[in-house]
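J.: how would this look folded up:
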Amino acid sequence: MRLFIFILFFLSSLNAIELNWEHDYNNAIKQAKKQNKDVYLFVGADKCRFCDRFKDMTLSKEHVIKRLQEDYVLLYMSRDKHDIPKHFEVKGVPRHYFLTNSGKIIHADRGSREVDGFFDLLEEVDLKKEN
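T.: From the prediction side, this is the model:
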């Protein structure tokens, strides 16, 4: 029985979609220009329960992952170990920055959001892009 459960778990993990995060700001901007996408910058911290909650509750969902990968180059930077450009606020994480592929901030926000709230945020960003 244990073998069956292990095999079932293993096979289900093969279908899992994961976010492929860039961790270097300049590389993310280069990729965004090349792919003609915007950049989603998620600023977190290594020991941040709200960041972990956001990752587990929202960023682990397949439909969220697909939406982000469709429109954005994904950039995760930890205030504890990455060289974050000075014009981004790093206190009060998690922080969310939506950037053009030239690095201009389209929208900035903060906090851990559930899936519906995060999709509301993405819609707000889309409205700002249109204006």
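J.: hey, which helix is longest across this protein?
T.: helix 115-130 (DSSP state H).
J.: CA-only coordinates of that one in CSV, if you can.
T.: The C-alpha coordinates for helix 115-130 follow below in CSV (Å, rounded to 0.1, in the frame of the first residue of the first chain):
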residue,chain,number,x,y,z
VAL,A,115,-5.7,33.6,-4.9
ASP,A,116,-8.8,35.8,-5.6
GLY,A,117,-7.2,38.8,-4.0
PHE,A,118,-4.0,38.3,-6.1
PHE,A,119,-6.1,38.0,-9.3
ASP,A,120,-7.8,41.3,-8.3
LEU,A,121,-4.3,42.8,-8.0
LEU,A,122,-3.3,41.5,-11.5
GLU,A,123,-6.5,43.0,-12.9
GLU,A,124,-5.7,46.4,-11.3
VAL,A,125,-2.2,46.2,-12.8
ASP,A,126,-3.7,45.4,-16.2
LEU,A,127,-6.0,48.5,-15.9
LYS,A,128,-2.9,50.7,-15.1
LYS,A,129,-1.1,49.3,-18.2
GLU,A,130,-4.0,50.3,-20.4
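J.: Which elements pack onto it?
T.: helix 62-71, strand 105-110 (3 or more Cβ pairs under 8 Å, 6 or more residues apart in numbering; DSSP states H and E). Yep, even glycine has a C-beta here, placed from its N, CA and C like the rest.
J.: okay but residue 19 is in contact with residue 73, surely?
T.: No: in this structure residue 19 lies outside contact range of residue 73 using Cβ atoms under 8 Å: 11.1 Å.
J.: The two: who's more crowded?
T.: residue 73 (25 against 15; other Cβ atoms under 10 Å).
J.: Could you name the helices and strands sitting against the helix or strand where the more buried one lies?
T.: Assigned by DSSP states H and E, residue 73 belongs to strand 72-78. Secondary-structure packing of strand 72-78 (3+ Cβ pairs under 8 Å, 6+ apart): helix 25-35, strand 38-44.
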